[in-house]
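[1] predicted coordinates and the sequence they were generated for:
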Amino acid sequence: LVRLTDRLRDIEDPADIAYAASEVLGMALSASRVGYGAIDADTDTLHVDRDWTAPGVDSLAGVTHLRDYGSFIDSLKSDESIAIADVRLDDRTGIASDALEARSARSFVNVPIVEQGRLVAVVFVNDAAVRQWAPEDLTFVREVGQRTHTAVERARGRAGLRESEARLRFLDALGKETAKIVDADEILAATTRMVGQHLGISGCAYADIDEDEDGFTVRGDWSAPGSPSTVGHYRLADFGKLAPRTLRVGLPLIVNDSLAELDPEEAATFRNMGIGAVISMPLVKEGRLTALMAVYDKAPHAWSANELGLIREVTERSWAHVERVGAEADLRASAAALSELNATLEQRVYERTSLLMQAEDALRQAQKMEAVGQLTGGIAHDFNNLLAGISGNLEMLELRLTEGRLAGVERYIAAAQSGSRRAAALTQRLLAFSRRQTLDPRATDANRLIAGMEDLIRRSVGPNVEVGVVGADGLWTTKVDPSQLENSLLNFCINARDAMAPNGGRITIETANLSLKDPAARERDLAPGQYVSLCVTDTGAGMTPEVISRAFDPFFTTKPLGAGTGLGLSMVYGFARQSGGQVRIDSEVGKGTTICLYLPRFLGDAESAEATARPSVDAGDGGGEIVLVVEDEPTIRLLVVEVLEDSGYKAIEASDGPGALRVLQSDARIDLLITDVGLPGGINGRQIADAARIDRPGLKVLFITGYAEKAVLGSGQLETGMAVITKPFVMAALGAKVRDLIDS
């Protein structure tokens, strides 16, 4: 073990680490072959980059299908070490004993590496002769395996960091190079050259799509020495049936080996162009396939997620630069035309207007930066407080568990969970302010909602405050998220209570029907129409005009430090605007405040509380349905999979878009797709769902998202059979969503 530590200390390459550890272990045990390999648990295959062998013994480097050599893979998945003294006599290997002996494995030891309940790697020791393995042999192999796995993963992490740094340096260099170019064709020439040289491939090309989207013309092109140019005009259909269908919906065409993956007829175009592997990245603007960037290599090439992401970003940046130089050219042409009219009154008016617009832009930019600074400072302050509470309680919990002192640990768990809930609430308020929260609008009777909250409001404001409710007769229905409306009303009342402290006073809650026409609608920053108003009036200290002007700014508060986040009114403002309404304040110092929420009228009946209540769902009601879970965060993916399996479902996992598409394009049964929206690998969750429904029409889809991203909702509502659940979510709510979708 000391020798192993010395060998691994200065090695950076993961394959070299695995070989060095295998050599130390093989020589210590006088074995025939030793190796460390990653496991693909979905296909039961062992992937070995490099193993150690005694003289005359063949290597197992490459991909090995473990079930071809017996049934011991199931024991490995259960974190059970395998020690077989004679493959001929063991039931798990008897049927494959001839194949094992042919690979110099008459006896062997397999020790699994399991992370979070999933088999990720195996250390194997083979001997060409019959051998009795001692318990200390297994202990020794497991220790070496754990040290090897740790060293390999650490090296991979460092390699990933180096790759990320190289990517950022390249994008920075590309940006500096193209920023100083004023010609579109020169930008594309520089971009394709730098991308091709950075990736070390045969060529890179940028193409404009024809108006009918059936063909394209290569506009910018770079090819390595000895590789042919791709300049010319082509038809999308010439590259196979998959090319137009994939590119037109905004998904990249990814081919790792054209001869192996495509039919001979479809591979002919690639072969004639000397292309063995290619990524074609589409650029879709306003629903139309506009351009594409392609990187290709004459030999087969397994494109990585980092390469795919780089090409996606470069494609967008190239288009932005092309638009920039086009706009600059148009601006120069306009300036030349206007220079001829210098002596005219129109020219002088134009110049004056331009100066005013620049001044206004500068003012708006300064205001924007001030708001951003205030927002980020407030977020950092509040989240640091919450994270300190969460991490501190978890550290105390870990300490107590390590010491075996279990009494009272519930309070640390409760405190950490409380901090998590407060962080989620803060995030929800930020989303409300930015108008990106996921709303659940329903036809709502505001009078009925206020009546249901009246007791809660009275308890919240305390005995010193008198609460009066004046509900309008025949109040119109409005379609809003009832829970957000309740939060807004409670926020108004608590602010009113604080404004009247410590002596108390009176709060009046009033509703009304309003038909607003110009200029009354314009004064409230609303479109003319019919609205329901909900107003809260207090007899408190009132607000100055300066405070009113900043009342809806995020993190602005007049309360003492620690008494409020300053997000309450900004959240109400975001909710009102997202619901098509507005919120306004009328106040005078010393005479109290009235704050009114205006919501559009809905021509329909309000839903009853019974109609809107969600049915309870039994956690263990799955019937063996198969669910594909696509989530790049391992902890979230593990939780979702465990919830599904505990509920009686079968789960298939994928960590990125390309991996999910491989499963969806297979013959595997999939009853439901659960996917995060933001994913690595250049393909987001909505694109995965759209691509899946091409071959699997009607596939049920549950999106997981931190907010209602446009990538999920687009410009309208979700399609039938699709639903959204926002992070963070309660596991029981996830189970209910899954059961609802599968039963629907």
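    Alright, I've got the coordinates. Residues are numbered from 1 along each chain as shown.
[2] how about the secondary structure of the nearest residue to Asp690 once chain neighbours are set aside?
    For Asp690, ignoring the flanking residues on the chain, the nearest one in space by C-beta to C-beta, 6 or more residues apart in numbering is Val249 at 5.9 Å. Heads up, the C-betas are built off the backbone N, CA and C, glycines and all. For Val249, the assignment made with DSSP: H, G, I helix; E, B strand; the rest coil gives coil.
[3] quick one: contacts for Ser32?
    By C-beta atoms under 8 Å, 6 or more residues apart in numbering, the contact set of Ser32 is 53-54, 57, 104-105, 126-128.
[4] if you set the cut-off to 10 Å instead, what comes out?
    Ser32 sits next to 26, 52-58, 103-108, 125-129, 131 when contact means C-beta atoms under 10 Å, 6 or more residues apart in numbering.
[5] filter the residues you listed down to the buried ones.
    Among the contacts of Ser32, those buried by neighbour count (16 or more other C-beta atoms under 10 Å) are 26, 52-54, 57, 103-108, 125-128, 131.
[6] and Gly70, how many neighbours?
    Close neighbours of Gly70, defined as other C-beta atoms under 10 Å, add up to 23.
[7] now it. Nearest residue, chain neighbours left out?
    Nearest one to Gly70, counting by C-beta to C-beta, 6+ apart, is Thr93 at 3.9 Å.
[8] Ala606 now?
    Nearest non-adjacent residue to Ala606, counting by C-beta to C-beta, 6+ apart: Asp445, 3.8 Å away.
[9] didn't the one you found look like it was pressed against Val480?
    No - at 11.0 Å, Asp445 and Val480 do not qualify as touching, with contact defined as C-beta atoms under 10 Å.
[10] overlap in contacts, those two.
    Common neighbours of Asp445 and Val480 (C-beta under 10 Å, 6+ apart) are Val532.
[11] these two: which is more packed in?
    Higher neighbour count among Asp445 and Val480: Val480, with 28 against 21, using other C-beta under 10 Å.
[12] show me what contacts the residue nearest to Gly70?
    With C-beta under 10 Å, 6+ apart, Thr93 has these contacts: 69-72, 82, 84, 86-87, 99-100, 105, 107-108.
[13] please apply the same query to Leu397.
    Contacts of Leu397 (C-beta under 10 Å, 6+ apart): 409-413, 415-416.
[14] which positions within the helix or strand Gly26 falls within qualify as buried?
    Gly26 is located in helix 14-29, with elements delineated by DSSP states H and E. Buried residues in helix 14-29, counting neighbours by 16+ other C-beta under 10 Å, are found at 14-26, 28-29.
[15] next: stretch 222-239.
    Of the residues in stretch 222-239, those buried (16+ other C-beta under 10 Å) are 222-223, 227, 230, 234, 236, 239.
[16] from those, which single one is nearest Met722?
    Checking the buried residues of stretch 222-239 against Met722 with C-beta to C-beta, the nearest one is Leu236 at 28.6 Å.
[17] show the pLDDT at the closest one.
    Leu236 carries a pLDDT value of 85.
[18] tell me the contacts of it?
    209-210, 213-216, 243-248, 253, 280, 289, 292.
[19] tell me which of those fall in helices.
    If you go by DSSP state H, these have 243-247 in helices.
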